[in-house]
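Asker: Need coordinates for the below:
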Amino acid sequence: MIQEQKLVVEEQDLKKPEEAQSYLMADVGNSNTRVTLYDMVEGSYRLLARGIAMSTIDFPWYDAKYGLDQAIQQITMATGRVLLDGHGHLVQPAKAGGIGVDHFGAVVSAGDPIKVLIVGLLTEVSIASLRRALETIYAVEVDCLSLDDTRDRVAQVESILYQRPELILLTGGTDGGADRRLMKLVYTVSIALSILDESQRPMVVFAGNVELQPQIKETLGTLTTLIITGNVRPEFDRENLDAAIGALADIYLNKVCYEISGLATIRAMSSMPLKTTAHSLAGITEYLAAVVQGRALCLDVGSRQITIALTDQDRVNLLIRGDLGLGRPLGSLLLDGDPSTYLDWTFPDTTEQDIRDFINSRVLRPSTLPFTEDALRIEQSLLRQMLIQLKDDVAARWKWPGEQTPPIRLLLLRGGSVANSVQPQPVLLAVLDAFQPAGVFRVAADGYSVLSAMGLLAAENPTVTVQVLGEGALEEWGWVVVASGRSRPGDIVLQVQLETRNLGTLEVEVPAGALEVLTLPAGEVAVMILTPAEKIDVGFGRGVSKKMRISGGSIGLVIDARGRPLPIPSDAEARRNLRQRWLRDITR
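Answerer: Numbering: from 1, shown residues only. The predicted structure is shown next:
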């Protein structure tokens, strides 16, 4: 509640020029619906207030707008600004006397993932491209028909009938060619569609060889809804995903607006296009990468999925894992994993049964928060395991050299259990342990849930995005310095000097294997001088020193000299003792 009060700006303090506009932005998720209000204050756009309510897409409400209205009412209570009329309708545009808002926009991550069947020729070529496009929406692949598929046609048809996909994605062939092999697979799909009742037939998207479009239309066009988009692999060595990604996003949004009551109403209220939360996050992460002039990594940990965006100034990688999350997906850990795996990070008296009980409770009630320190430790241990799976997955998908996380300049963390954790240090440690990034980078958390709104607003009014983020809407956690290279235990691998405005000068010698946290409060600015040992690299080359300006945060400056890759003992007791020491080091 204290954090909420920090955001409140009294209505009479607003000095709104005639051309200034106000914006109310919503993010509708599976567990929570978050709403943020932005307006001009003293000549600059700022975040005025935030409301958060439990999402009402499921029993007993089955109406997404009810949760939205609750969150909006929280903003009214905090600011005195009347946003809904007596009938529950949003007042647009804003009127005199602090009533209404000029613009409303929304992003969505709610709903179950789309069940998708992929059909194509070469697994490592066009199908790989199509999968990269599919990774950008909330979807799960249920089967794949390709040249590598050894099943006969009958078995393939039976699989389609059994899996009941909601969407079929077709691809294959470079533009200008003709491939009868793909048409054989298309004919298999047509048989399955003709057997299904018309109401159960999935939509089909074709993103392959343009020369085959007439045949695809003739074969499938009369059986189901057919969407034809650009070839994801127009040439063997060239990929073109934009058209397919756009089509998939529209399909997902249309699906959830049809299936989730109230979303269509929210969409109609919006003065800007409805977007998926993931696409909005990818856009704002790309913008922030340009600001820091380097790679930015964004992790959004939700109850039903985890989204990762890695962007630099000319490329965006986006992946949604619908099988990972701190809600329903936790159930898979009981089926696929050993609960004892997570004990290394919990308290000594935590048992495997405690972990099972926590998982079962969270699967049934994804919105619940950990009320004890024991439960918080268990949640953070499960988060770490999921992030390890995510890192291994993206390293293979995105072909990271040596499966190592590429150097980043900014780490963004989002999601209630992450960005709003009462103990941010163990959360940061979980990310460091899972991704093992190198170099020097800033860490910020989206505690007020503004990033998705900023991604949507960037296309509508970039001035709002620039000014809101410039006014500290993100919570700064601090900076991380990673010292990598060969060294002997106890050797001094890095000398750190901090010259601060209010705290004086601090000098530290960091030994190999250490994990240290230097206090640098939020708002404090420091000049940092890094002097690594001859064989040690802090991101600028072995033995290369660096002088740079950094700012403080709620954690401060973290110096990670544990090495890359992390030295993990094979002995169970030694491994647990080492991990417990790391936890103590980062939280003391």
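
Asker: distance of Leu167 from Tyr448?
Answerer: 34 Å (C-beta to C-beta, to the nearest Å). Using the backbone N, CA and C atoms, a C-beta is placed for each residue, glycine as well.

Asker: With Ile191 instead?
Answerer: 52 Å.

Asker: ok, these two, which is more surrounded?
Answerer: Tyr448 (23 against 15; other C-beta atoms under 10 Å).

Asker: Leaving out chain neighbours, which residue sits closest to that one?
Answerer: Once flanking residues are discounted, Tyr448 sits nearest to Arg50: 5.3 Å by C-beta to C-beta, 6 or more residues apart in numbering.

Asker: State whether the one you found is indeed within a strand.
Answerer: Yes: checked against DSSP: H, G, I helix; E, B strand; the rest coil, Arg50 lies within a strand.

Asker: okay, it: pLDDT?
Answerer: Reported pLDDT at Arg50 in the predicted model: 96.

Asker: swap in Ser417?
Answerer: 89.

Asker: host element of it?
Answerer: helix 416-419 (DSSP states H and E).

Asker: Just the C-alphas of the following helix or strand past that helix, formatted as PDB.
Answerer: Moving toward the C-terminus from helix 416-419, the next helix or strand (DSSP H and E) is helix 424-435. Coordinates of each C-alpha in helix 424-435 appear next as PDB, following Å, rounded to 0.1, in the frame of the first residue of the first chain:
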ATOM      1  CA  PRO A 424      14.700  -9.200  -4.600                       C
ATOM      2  CA  GLN A 425      18.300 -10.500  -4.000                       C
ATOM      3  CA  PRO A 426      17.400 -14.200  -4.200                       C
ATOM      4  CA  VAL A 427      15.400 -13.500  -7.400                       C
ATOM      5  CA  LEU A 428      18.400 -11.800  -9.000                       C
ATOM      6  CA  LEU A 429      20.600 -14.700  -7.900                       C
ATOM      7  CA  ALA A 430      18.200 -17.200  -9.500                       C
ATOM      8  CA  VAL A 431      18.500 -15.300 -12.800                       C
ATOM      9  CA  LEU A 432      22.300 -15.100 -12.500                       C
ATOM     10  CA  ASP A 433      22.600 -18.800 -11.700                       C
ATOM     11  CA  ALA A 434      20.200 -19.800 -14.600                       C
ATOM     12  CA  PHE A 435      21.500 -17.600 -17.400                       C
END
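
Asker: Could you give me the buried positions within helix 424-435?
Answerer: Pro424, Gln425, Pro426, Val427, Leu428, Leu429, Ala430, Val431, Leu432, Asp433, Ala434, Phe435 (16 or more other C-beta atoms under 10 Å).

Asker: Including distance to Leu281 and pLDDT, could those go into a markdown table?
Answerer: Listed next are the buried residues of helix 424-435 as a markdown table, based on distance: C-beta to C-beta, whole Å; pLDDT from 0 to 100:
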| residue | distance to Leu281 | pLDDT |
| --- | --- | --- |
| Pro424 | 20 | 95 |
| Gln425 | 24 | 96 |
| Pro426 | 23 | 96 |
| Val427 | 18 | 96 |
| Leu428 | 19 | 97 |
| Leu429 | 23 | 97 |
| Ala430 | 20 | 96 |
| Val431 | 16 | 97 |
| Leu432 | 21 | 97 |
| Asp433 | 23 | 96 |
| Ala434 | 19 | 96 |
| Phe435 | 17 | 97 |
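
Asker: quick one: which of those is nearest Val140?
Answerer: Ala434 (22.4 Å; C-beta to C-beta).

Asker: Low-confidence bits of the stretch 151-300 of the chain, can you list those?
Answerer: 177-178 (pLDDT under 70).

Asker: If you could redo that for the chain, that was the one I meant.
Answerer: 1-18, 177-178, 313.

Asker: the longest helix in it is where?
Answerer: Longest helix of the chain, by residue count under DSSP state H: helix 373-397.

Asker: which secondary structure elements does that one contact?
Answerer: strand 296-301, strand 306-311, strand 316-321, helix 352-364, helix 416-419, helix 424-435 (3 or more C-beta pairs under 8 Å, 6 or more residues apart in numbering; DSSP states H and E).

Asker: redo that, cut-off 6 Å
Answerer: helix 424-435 (3 or more C-beta pairs under 6 Å, 6 or more residues apart in numbering; DSSP states H and E).

Asker: what does the helix it packs on contact?
Answerer: Helix 424-435 is contacted by residues 380, 383-384, 387-388, 391, 405, 418, 421, 477, 555, 586-587 when judged by C-beta atoms under 6 Å, 6 or more residues apart in numbering.
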